[in-house]
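*Asks:* structure here, sequence nowhere to be found:
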């Protein structure tokens, strides 16, 4: 009968620990949020895709918004950590710029769903929101690198915050474009970014 079949299916399910169930819900929701956005995703869909009841989602996250906040925070931390690491060390500024571009493109390549969520939540062109805040943090790091380089060349370092915004914006917008147009290889995209940015910086008056 249908009832006995349902009972067998339930018995056949692998019982997850609380932490495993939480991770499963995060992963399921991540895919749905990337495809449909926060407003386009319901608790019912998340529960159905995870094979659980709606109360399980509420029990773990208090609702759709709580789950979304966890997903976004994880993506922000992962991307910020990758870019921050790429800007560390005492390498030539051109190398650091290429490393940062590769870090962003690598994140897009390996975490396309995460990047789609971040860009949908707070587009590159938006001045407020989680992704915009991340770009501002990165620009702050780049600013110090540029200020040192400008001073070393005898240039005025006061405009370095403006140049930092230009660089970060260029890389972020290019990454957003590359997300949906993967015709060029990641290394080639980074090389072209560095070619334009570094040659422009090298010729500053």
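*Replies:* All right, it came through fine. Here the structure is a predicted model, which is why all the values come from computation and not from measurement.

*Asks:* so what's the residue nearest to residue 45 when sequence neighbours are not counted up against?
*Replies:* Closest residue in space to residue 45, ignoring its immediate chain neighbours: residue 32 at 6.0 Å, by Cβ to Cβ, 6 or more residues apart in numbering. Where C-beta positions appear, they are placed from N, C-alpha and C, glycine not excepted. The contact partners of residue 32, by Cβ atoms under 8 Å, 6 or more residues apart in numbering, come to 41, 45, 46, 49.

*Asks:* can you rerun that using 10 Å?
*Replies:* Neighbour list for residue 32: 38, 40-42, 45-46, 49-50, 64, 67-68, 71, 113, 117 [criterion: Cβ atoms under 10 Å, 6 or more residues apart in numbering].

*Asks:* give me the most central residue, the chain.
*Replies:* Against the mean C-alpha coordinate of the chain, by Cα atoms, centre = their mean, the closest residue is residue 115 at 4.2 Å.

*Asks:* thinking that residue is in contact with residue 75, fair?
*Replies:* Yes. Counting by Cβ atoms under 10 Å, residue 115 touches residue 75, with 7.5 Å between them.

*Asks:* mutual contacts of the two, please.
*Replies:* Common contacts of residue 115 and residue 75 (Cβ under 10 Å, 6+ apart): 34, 107, 131.

*Asks:* what's the local residue count around the first one?
*Replies:* Applying other Cβ atoms under 10 Å, we find 21 residues neighbouring residue 34.

*Asks:* start at 37 instead
*Replies:* Shifting the count to begin at 37 puts that one at residue 70.

*Asks:* do you know the pLDDT at it?
*Replies:* Here, the pLDDT recorded for residue 70 equals 94.
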